[in-house]
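# Mind folding the following:
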Amino acid sequence: MIGEVRVDSVIVDLNTISADVVIRVGRSDIFTKTATSTCRIVFRGVTTDTTTPYVGTIVEVYNTVATKVFEGVITDAVLTVETSTSGANLTVTALGNTTRAGFTLEGLATYPGEFGTRSEHLPAETIDQRLARFNTLLPSPAITIQAYKSVTDRNLTAYVGPDQSVIAHIENISDSARGLFYDAGNGNLYWQDVEWRNAQSVLTFDPDAVLFAPIWVQNAQVVNDVTVNYSGTSVFTFDQRSIDLYGRRELSVSTILVDSANASALASSLLSRSKRPRWQIESIGYVQGPTEVTYLVGQPVKITNLPAGSPAPIAYGIVEGYEHRYIRDTHTTTYFLSDPVQSGIALAWEDLPADAASEWQDALPIVWDDAITLSDLFAS
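Predicted coordinates for the structure are as follows:
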């Protein structure tokens with residue numbers, strides 16, 4: 001439940017808030033590169049005048065255990081005046097902290113002349129170095145890097161050109177490393193390498209809390225011929241069996257990578273997770289209990305006790321985002337899921353954790369159809 005709402009650090013009387021508060025975090029699919037959280041609140045009985053500022057003010061929302069679930073800036077305000085009631089209803093929409101990166105220009109800009117074109121110069125560097133550079137430009141908190149393996153071995157090209165926003169640069173990084181830039185709603189910023197998901201344990205939804213039987217979807221977003229452009233050249237790979245079945249479906253990706261090995265790895269990854277359609281559950285409704293359960297962006301999850309006739313009795317997914325809806329004494333959450341293979345889950349045998357807590361029943365499904373020889377189970 002909602003415990004407290006603040007507007008510009010002033011605590012708002014909860015009795016003036018309409019029945020539902022909606023907070024959305026993350027993305028609904030695997031293609032979005034930047035995910036900005038949003039919050040919608042309706043204030044009732046508002047008395048205001050044309051001098052009262054709303055847009056640009058800070059909104060903070062806390063749950064009943066004083067955990068911050070949203071922090072952002074009001075970007076839209078709509079006032080609805082009804083003659084049958086005293087005051088008016090004010091609907092505000094706030095955006096999370098990733099918007100700061102959209103308004104912040106890269107800080108090494110130079111000015112050739114008073115009215116000249118702004119330009120900037122970024123040196124060749126690794127992913128972590130470039131993100132660290134951007135952290136010096138953005139207000140706290142800093143961007144946290146979520147990576148399964150080191151991002152220090154992925155070199156990025158130098159940039160000399162027109163001044164761009166920090167968010168534009170980060171999206172270039174995401175194109176080059178299958179990453180996601182998002183805020184967690186509570187104000188914290190993250191850049192997530194999708195391979196980070198490999199290191200997370202699978203959590204199980206409580207079947208009794210699932211709102212309805214999930215809908216399975218199989219889409220036609222097949223890619224079987226991939227070209228990755230990097231450093232003035234390109235690499236490509238294709239899957240002939242997929243081409244024979246679905247026709248040639250091409251994807252060309254422009255990156256800021258330097259090394260051919262990293263470009264080839266990206267091409268192989270894009271091909272392997274998109275070369276055939278797969279059944280998946282795109283969203284699931286969940287009723288929150290007294291203790292709020294929030295599965296974070298990138299968290300592998302398992303759905304059990306699926307009804308007869310489902311493609312499988314158990315479904316796996318990756319949380320790409322979620323939407324909290326607080327309605328009086330009820331709190332429901334819709335989780336937006338992606339298929340594990342399509343969203344980046346792909347562990348080599350040699351990368352499996354060796355600790356005793358790693359159980360086969362906790363492992364995500366393994367796709368065997370591409371393992372022809374023993375060497376296929378190891379990194380080449």
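
# which residues in the protein form helices?
For the chain, the helices defined by DSSP state H occupy 98-103, 127-135, 166-177, 240-246, 260-272.

# what does the fourth one contact?
Spelled out, that is helix 240-246. Residues outside helix 240-246 that contact it (C-beta atoms under 8 Å, 6 or more residues apart in numbering): A220, V222, N224, D225, R249, K275, R276. Glycine gets a C-beta too; all of them are placed from N, C-alpha and C.

# Among those, name the least confidently predicted one.
Comparing pLDDT over the contacts of helix 240-246, the lowest score belongs to A220 (72).

# Give me the mean pLDDT for stretch 92-100.
Here the average pLDDT along stretch 92-100 is 90.

# tell me which residues of it are tucked away?
Neighbour-count burial for stretch 92-100 flags V92, T93, A94, L95, G96, N97, T98, T99, R100 (criterion: 16 or more other C-beta atoms under 10 Å).

# Narrow the contacts of helix 240-246 to those that are buried.
V222, N224, D225, R249, K275, R276.

# Serialize those to JSON lines and add fields for distance to I143.
As requested, the buried ones among the contacts of helix 240-246 are arranged in JSON lines below (distance: C-beta to C-beta, whole Å):
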{"residue": "V222", "distance to I143": "33"}
{"residue": "N224", "distance to I143": "34"}
{"residue": "D225", "distance to I143": "34"}
{"residue": "R249", "distance to I143": "34"}
{"residue": "K275", "distance to I143": "32"}
{"residue": "R276", "distance to I143": "34"}
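
# surely E292 meets N63?
Yes: taking contact to mean C-beta atoms under 8 Å, the distance of 5.9 Å between E292 and N63 places them in contact.

# between these two, who's got more neighbours?
A count of neighbours by other C-beta atoms under 10 Å puts N63 above the other of E292 and N63, at 19 against 15.

# deepest of the helices of the chain, which one?
Most buried of the helices of the chain by mean neighbour count (mean count of other C-beta atoms under 10 Å) is helix 166-177; its value is a mean of 21.

# Would you mind putting the CA coordinates of it into PDB?
Once side chains and other backbone atoms are set aside, the C-alpha atoms of helix 166-177 remain, and they are given as PDB (Å, rounded to 0.1, in the frame of the first residue of the first chain):
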ATOM      1  CA  VAL A 166      24.300  11.500 -22.400                       C
ATOM      2  CA  ILE A 167      21.300   9.200 -23.100                       C
ATOM      3  CA  ALA A 168      22.100   9.200 -26.800                       C
ATOM      4  CA  HIS A 169      25.700   8.000 -26.000                       C
ATOM      5  CA  ILE A 170      24.400   5.300 -23.600                       C
ATOM      6  CA  GLU A 171      22.000   4.000 -26.200                       C
ATOM      7  CA  ASN A 172      25.000   3.600 -28.600                       C
ATOM      8  CA  ILE A 173      26.600   1.500 -25.900                       C
ATOM      9  CA  SER A 174      23.400  -0.500 -25.600                       C
ATOM     10  CA  ASP A 175      23.400  -1.200 -29.300                       C
ATOM     11  CA  SER A 176      27.000  -2.500 -29.000                       C
ATOM     12  CA  ALA A 177      26.500  -4.700 -26.000                       C
END
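
# and it with helix 127-135, angle?
Between helix 166-177 and helix 127-135, the angle comes out at 170 degrees (axes from the mean of the first three to the mean of the last three C-alpha atoms, to 10 degrees).
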